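K.L.:
Generate coordinates for the sequence data below:
(one chain, ligands or ions: 2)
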Amino acid sequence: MSVDPTTDFTKYVGSLVFFKCPKRSWIAGVLESYDTSKKTGTCKATRDGGDTVTKLKQSELYPAREESLDEDVDDLLLMTELHDSTLLDTVRRRYFKDVIYTNIGAIVVALNPFKYTIPRYLDSEMPKYQEEGDVIEKNLPHSWACAHNTYHEMRNEARNQSILVSGESGAGKTEASKIVMKYLGALSARRGTDKDKEAALAVGTKINLSSPALEAFGNAKTVRNDNSSRFGKFMVIKFDGKGFLIGANITKYLLEKSRIITAGQGERIYHSFYLLLRSKQCREKFGLAEDKKYRTVNAGQTLNNKEYDTEEEFNEVTQAMTKVGIPAASIESMWKVLAGVLNFENVDFVADGEGCNPTT
Ligand SMILES: Nc1ncnc2c1ncn2[C@@H]1O[C@H](COP(=O)(O)OP(=O)(O)OP(=O)(O)O)[C@@H](O)[C@H]1O
Ligand SMILES: [Mg+2]
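P.N.:
Ligands and ions are numbered 1, 2, ... in the order given. Okay, the predicted model is just below:
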């Protein structure tokens with residue numbers, strides 16, 4: 001819904017409006033003045049930092065109703081007024097109360113909290129969702145609820161279901177996918193005999209363990225995300241007729257291959273190269289030098305990262321690969337290939353007549 005372009009905002013001077021703040025997007029405030037000839041107004045925020053913004057165009061103003069200012073709904077479709085301003089204001093107020101999930105019908109909007117300590121979202125709360133019926137009705141919006149409803153729809157309709165996770169870089173897509181997979185694994189292992197449960201849990205664990213391996217080779221530090229996926233992922237999660245998790249198939253697409261060679265300022269190439277160089281055993285075995293000697297590793301002049309940066313994490317990735325079933329010899333070959341790539345990338349060539357000679 002948008003405001004009628006013929007609206008005369010003079011009648012709203014002194015009243016509450018939503019306005020588009022350059023720093024904070026739509027926020028609530030008071031329209032202090034309005035210039036009818038230029039059709040622009042000045043607003044002062046009543047909260048969110050109290051900014052004053054001038055020369056606001058009509059399209060950047062929206063009359064606010066007192067009652068919609070503090071409206072809090074779990075599903076945005078239930079809001080009395082639907083407009084960018086009211087929707088954003090609602091999710092923002094929820095976010096500051098540590099409520100990061102809000103529904104829009106069957107869609108779950110998640111705002112990245114950048115912390116795993118919010119009590120209502122701890123894994124220990126998961127059983128409350130799992131105990132519900134086919135559709136989550138009593139618990140707050142969550143990716144768990146989306147996973148729960150989808151699982152039951154799959155079982156009830158005996159048809160494949162899809163969950164699409166989208167958002168900009170750093171929004172939390174990869175983390176949301178892991179949350180969904182963990183929930184599905186746990187949900188499918190709730191019934192059946194101990195043997196059934198054990199088997200479903202084992203598959204769930206294997207699926208979760210694929211993340212460190214995939215991320216080591218396909219994720220990198222960017223200026224937006226310390227663990228940015230540089231590839232798209234299509235995951236098929238398989239259940240048997242009784243609803244037990246029996247396997248998964250992951251297809252990758254559009255890997256950013258240039259990141260093997262170089263990275264922009266403040267960024268890194270793939271995590272795996274740094275992990276390899278953190279491993280004392282690999283350095284010795286493959287005759288590797290210290291990290292800054294490798295031009296690709298140091299291309300972005302950022303050798304360190306919060307994640308995937310220690311010998312311990314190298315060991316975790318190697319163990320994860322072992323647990324998902326990759327033979328030790330293949331794992332060693334993978335690290336060896338990386339060592340070769342690192343050395344090869346340090347080779348320079350000098351012109352020699354019509355050909356060239358490598359130098360180091
Ligand atoms: N639900 C969450 N709870 C807590 N922290 C989160 C959550 N989701 C994301 N984060 C934090 O934000 C970071 C970025 O999230 P994530 O890697 O999932 O983004 P992304 O959308 O996959 O980005 P990209 O497109 O760059 O791969 C995570 O490393 C984590 O620190
Ligand atoms: Mg990602």
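
K.L.:
Could you report the separation of the residue positioned nearest the centre of the chain from ligand 1?
P.N.:
With distances taken as Cα atoms, centre = their mean, the residue of the chain nearest its centroid is G172 (1.7 Å). G172 sits 3 Å away from ligand 1, going by Cβ to the nearest ligand atom, to the nearest Å. For every residue, glycine as well, the C-beta is placed using N, CA and C.

K.L.:
What separation is there between that residue and N219?
P.N.:
Using Cβ to Cβ, to the nearest Å, G172 is found at 14 Å from N219.

K.L.:
same deal with M235?
P.N.:
15 Å.

K.L.:
for D35, same thing?
P.N.:
From D35 to N219 the distance is 51 Å (Cβ to Cβ).

K.L.:
the more surrounded of these two?
P.N.:
Neighbour count, other Cβ atoms under 10 Å: between D35 and N219, N219 has more, with 25 against 13.

K.L.:
next one: phi and psi at that one?
P.N.:
Phi and psi for N219, reported as degrees, to the nearest 10, are phi -120, psi 160.

K.L.:
Looking at strand pairing, list the partners for it.
P.N.:
For N219, the beta-bridge partners under DSSP bridges are S229.

K.L.:
ok, it - contacts?
P.N.:
174, 227-230, 270-271, 308 (Cβ atoms under 8 Å, 6 or more residues apart in numbering).

K.L.:
The host helix or strand of K206 - what's its average pLDDT?
P.N.:
Secondary structure from DSSP states H and E places K206 in helix 194-218. Averaging pLDDT along helix 194-218 yields 92.

K.L.:
Stretch 337-345 now?
P.N.:
96.

K.L.:
And for that stretch, what's in contact with it?
P.N.:
By Cβ under 8 Å, 6+ apart, stretch 337-345 touches 260-261, 272-273, 276-277, 282, 286, 288, 294-297.

K.L.:
please redo it, this time with the cut-off set to 7 Å
P.N.:
260-261, 272-273, 276, 282, 286, 288, 294-297 (Cβ atoms under 7 Å, 6 or more residues apart in numbering).

K.L.:
Just the buried positions in it, please.
P.N.:
Across stretch 337-345, burial judged by 16 or more other Cβ atoms under 10 Å covers 338-339, 341-342, 345.

K.L.:
Likewise for stretch 290-298?
P.N.:
291, 294, 296-297.

K.L.:
How about stretch 186-197?
P.N.:
Per 16+ other Cβ under 10 Å, stretch 186-197 contains these buried residues: 186-189, 196.

K.L.:
And the helices in the stretch 251-360 of the chain, which stretches?
P.N.:
Secondary structure of the stretch 251-360 of the chain, counting by DSSP state H, counting those that start in this stretch: helices at 271-278, 280-286, 311-323, 328-344.

K.L.:
Who are the packing partners of the third one?
P.N.:
Counting contacts by 3 or more Cβ pairs under 7 Å, 6 or more residues apart in numbering; DSSP states H and E, the secondary-structure elements packed against helix 311-323 are helix 194-218, helix 271-278, helix 328-344.

K.L.:
can I get the ones you listed in JSON lines with distance to N156?
P.N.:
Converted to JSON lines, the helices and strands packed on helix 311-323 look like this (distance: least, Cβ to Cβ, whole Å):
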{"stretch": "helix 194-218", "distance to N156": "19"}
{"stretch": "helix 271-278", "distance to N156": "41"}
{"stretch": "helix 328-344", "distance to N156": "41"}
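
K.L.:
tell me the most buried of these?
P.N.:
helix 271-278 (a mean of 24; mean count of other Cβ atoms under 10 Å).

K.L.:
So what touches that helix?
P.N.:
So helix 271-278 is contacted by 215-217, 219-220, 268, 282-283, 288, 291, 297, 308-311, 313-314, 317, 335, 338-339, 342 (Cβ under 7 Å, 6+ apart).

K.L.:
Under a three-state scheme, what state does I250 occupy?
P.N.:
The assignment at I250 comes out as strand when based on DSSP: H, G, I helix; E, B strand; the rest coil.

K.L.:
farthest pair in the buried residues of stretch 290-298?
P.N.:
When Cβ to Cβ is used, the two most widely separated members of the buried residues of stretch 290-298 are D291 and T296, lying 10.5 Å apart.

K.L.:
Please list the residues of the stretch 201-350 of the chain that sit near ligand 2.
P.N.:
Residues of the stretch 201-350 of the chain lying close to ligand 2 by Cβ under 5 Å from the ion are S229.

K.L.:
give me the residue from the stretch 201-350 of the chain nearest ligand 2.
P.N.:
S229 (3.2 Å; Cβ to the ion).

K.L.:
give the contact list for that residue.
P.N.:
For S229, the contact set (Cβ under 7 Å, 6+ apart) comprises 174, 218-219.

K.L.:
Tell me the confidence at it?
P.N.:
For S229, the pLDDT comes out at 98.

K.L.:
So which of the buried residues of stretch 186-197 sits lowest on pLDDT?
P.N.:
D196 (88).

K.L.:
Just the pLDDT at the spatially closest residue to V108 that is not a sequence neighbour, thanks.
P.N.:
Spatial nearest neighbour of V108, excluding adjacent residues (Cβ to Cβ, 6 or more residues apart in numbering): C146 at 4.9 Å. pLDDT, C146: 98.
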